[in-house]
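**Student:** Give me a model of this one.
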Amino acid sequence: MSEPLTTPGEGFHPHLHNTPDHPTAPLRSRLHHIRADSLDGDTAQSGGMRRFAAVSGRTVGSEKLWMGQTHVAPSTASSDHHHGESETAIYVVSGHPEFVFVDDSGDGAGEEGRVSGEPREVRLRTSPGDYIFVPPFVPHREENPDPDDEAVVVIARSTQEAIVVNLPRLYALSPDES
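**Tutor:** All right, here's what the predicted structure looks like:
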């Protein structure tokens, strides 16, 4: 028989008790239960997307991790942006979001109509269950081409808060523009 559900923010740590000798444990010494209906929408945003924090420095006291959901409306594209020093892992929950970036690695010899080494826009088309990894400082955007349904992804970042740096375009800025 399973135990009843915990309340949002409630933690379980059997050896820590709320007694006069041992007051309630601080945020970082217990587990946290964040319910889907209690996600925090007060986070960095990009046009065309809504981000909701579940695990962050502010919500649970995390120091090295941010995790939450992003919703991309139907027929919408986010602003071009990057996530600063943060590594970002994305899990596609629903919809078929597309992730767009510029490949300027020089790998492309032999592609029809392309000069070797010339930057090219790459579009990663995803389905539920797929994962995407975004390295630090890589400009990109998310798109949802579906005209009817929003796309939902779960995001984990290697920094405690959601770093979002909106950019004027997808391509890397020259030194005089930064």
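**Student:** ok, Thr70 to Tyr171 distance?
**Tutor:** 23 Å (CB to CB, to the nearest Å). (C-beta placed from N, C-alpha, C; glycine too.)
**Student:** out of these two, which sits in the busier spot?
**Tutor:** Neighbours were tallied for Thr70 and for Tyr171 using other CB atoms under 10 Å; the higher tally belongs to Thr70 (22 against 14).
**Student:** And the more buried one, what's its pLDDT?
**Tutor:** With respect to pLDDT, Thr70 has a value of 88.
**Student:** what about it, which SS state?
**Tutor:** Classification of Thr70 by DSSP: H, G, I helix; E, B strand; the rest coil places it in strand.
**Student:** Run through the residues that contact it.
**Tutor:** Counting by CB atoms under 8 Å, 6 or more residues apart in numbering, Thr70 makes contact with 49-52, 142, 152-153, 155.
**Student:** likewise Gly57?
**Tutor:** For Gly57, the contact set (CB under 8 Å, 6+ apart) comprises 63, 66, 160-161.
**Student:** Among the residues you listed, name the ones in strands.
**Tutor:** Trp66 (DSSP state E).
**Student:** which residue ranges form the strands in the protein?
**Tutor:** Going by DSSP E, the chain shows strands at 49-55, 66-72, 76-77, 81-82, 88-94, 98-103, 120-125, 131-134, 140-144, 151-157, 165-166.
**Student:** and the last one, what other elements does it pack with?
**Tutor:** By that I understand strand 165-166. Contact partners of strand 165-166 among helices and strands, from 3 or more CB pairs under 8 Å, 6 or more residues apart in numbering; DSSP states H and E: strand 81-82.
**Student:** Give the rounded mean pLDDT of the strand it packs on.
**Tutor:** For strand 81-82, the per-residue pLDDT averages 90.
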